[in-house]
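Trainee: Here's a sequence, model it:
(one chain, ligands or ions: 2)
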Amino acid sequence: MQQIIPESNSSLNQFGQKSVRKLGINPHHWYVVARSDEVINKPLSVTIWKQAIALYRDSSGKVHALEDRCPHRQVKLSHGQVVANELECAYHGWQFNSQGECAKVPYLAANQKLPSCQIRHYPVKEQDGFIWLFPGNETPKIEPMGLPEWDHLNYIATVSVINTHAHYSYLIENLMDMYHGHLHQDLQAWAEASLQNIDEDENSVHAHYTAQSYYKIDKIWSISQLFFPALRRLHSEPLDVSYVYPHWVSTLGQDFKIYCLLCPINETETKAYLIHFTSLNAFWRLHKLPVWFRKFIKDSLFGAAQKLLDGLVIQDIKMIEEEQQAYLHNQEIKNYELNRALVSVQKLMKTQIEK
Ligand code: FES
Ligand SMILES: [Fe+2]
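Mentor: Ligands and ions are numbered 1, 2, ... in the order given. Alright, predicted model coming up:
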């Protein structure tokens, strides 16, 4: 018989620790703040855990991240424009280089020096279709998690954006608790999940489930299952979900891989990118075709799972936001949790911010 684990939601638990619903983030990881194609030569304002950041692309195409604050009068630099390689403030036209130093004041008198003001610049990388940012203070010693399937010709990608008024812990717990397939019954994503075991280390929790999948992508015609429900047949597949702090990744059998790349904004707001990959690995004949043709297929099928993915996001957000509201309304009320993967997940979130 499974044990019911009472979970305290209150702001401090019996050990006087902070509630998981109020946890900050461990800044010493790479977070995803934007899609690559969102960053053009016009500055883009993003927020990672209460820090407003201006992202921009310089004349050579390189992406930079500066604190979104002009040190002259404290307005947002993201209202401005990119001039060659500098970011120019909209108000008086001061310009800042990628290191956050003032590089030009257009009305500087001959007897005046450039002000020595300095704003923060952040390590940022463009990789696998996304902009990864490191909000920690020191030089990063780790690499972004990355999505090897993004440019791989054998994977068809679909992206859905999550903007939810909820703490990131609700989103991660939703993604790690595969028993919530119940919520998505009408969308036929997976069914009958059953937790088998859990592996954990200091940066991740891997929960191994078995489940029933609706799709089997093994013959070329089976792609049509993505569009025609009548062609789907339930069959058993391993369903593995991992919280690789601060992101989430999952595989359902050989055919599907999903990532959720997180950008927590504050205690009650989270942005995330959900990326679904359908594998074409089973079609060995396809792999013999010219690369340009395979690229054409990959690009033409981009977004093939959009309806499914957007549908899942709408249903999940509704539940997550209700959980958040219930918590804000009464922080003393208790949940009753049966899934031990969630206990591991909460433990990981807490130990990460103690680092
Ligand atoms: S406030 Fe930015 S240049 Fe004056
Ligand atoms: Fe879901």
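Trainee: Which parts of the stretch 1-150 of the chain are strands?
Mentor: Remark: strands assigned in the stretch 1-150 of the chain by DSSP state E, counting those that start in this stretch are 5-8, 31-35, 44-48, 51-57, 63-67, 81-83, 86-88, 95-96, 102-104, 124-127, 130-133.
Trainee: looking at the ones you listed, which is buried most?
Mentor: strand 130-133 (a mean of 25; mean count of other C-beta atoms under 10 Å). Just so you know, the C-beta spots here come from the backbone N, C-alpha and C atoms, and that holds for glycine as well.
Trainee: I'd like to know which elements it is packed against.
Mentor: Under the contact definition 3 or more C-beta pairs under 8 Å, 6 or more residues apart in numbering; DSSP states H and E, strand 130-133 sits against strand 31-35, strand 63-67, strand 124-127.
Trainee: and that strand, how far from the chain's centre?
Mentor: Distance of strand 130-133 from the chain centroid (C-alpha atoms, centre = their mean, to the nearest Å) equals 10 Å.
Trainee: Check stretch 132-149 too.
Mentor: Offset of stretch 132-149 from its chain centre (C-alpha atoms, centre = their mean): 13 Å.
Trainee: So which bits of it are buried?
Mentor: Burial within stretch 132-149, assessed by neighbour count using 16 or more other C-beta atoms under 10 Å, is assigned to 132-136, 144-145, 147, 149.
Trainee: and that stretch, how far apart are its ends?
Mentor: Distance between the boundary residues of stretch 132-149 (C-alpha to C-alpha, to the nearest Å) amounts to 16 Å.
Trainee: State the mean pLDDT of it.
Mentor: Mean per-residue pLDDT for stretch 132-149: 95.
Trainee: Kindly state the pLDDT recorded for Gln254?
Mentor: 85.
Trainee: and this protein, which residues reach ligand 1?
Mentor: 70, 72-73, 75, 89, 91-92, 94 (C-beta under 6 Å from any ligand atom).
Trainee: could you redo the last one with a cut-off of 8 Å?
Mentor: Contacts of the chain with ligand 1, taken as C-beta under 8 Å from any ligand atom, map to 70-75, 77, 80, 89-94, 105.
Trainee: Pick out the residue closest to the middle of the chain.
Mentor: Nearest to the mean C-alpha position of the chain, by C-alpha atoms, centre = their mean, lies Leu261 at 1.7 Å.
Trainee: Need the nearest residue in space to it, chain neighbours excluded.
Mentor: Distances taken as C-beta to C-beta, 6 or more residues apart in numbering put Val32 closest to Leu261, at 3.8 Å, once the chain neighbours are dropped.
Trainee: picking up where we left off before, generate a PyMOL selection restricted to the buried subset of the residues of the chain next to ligand 1.
Mentor: Per 16+ other C-beta under 10 Å, the buried members of the residues of the chain next to ligand 1 correspond to this PyMOL selection:
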select buried, resi 70+71+72+77+80+89+94+105
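Trainee: Report all helices and strands that the helix or strand containing Trp292 contacts.
Mentor: Using DSSP states H and E, the element containing Trp292 is helix 291-300. Using 3+ C-beta pairs under 8 Å, 6+ apart as the contact test, the elements touching helix 291-300 are strand 155-164.
Trainee: Alright, that wraps it up for me.
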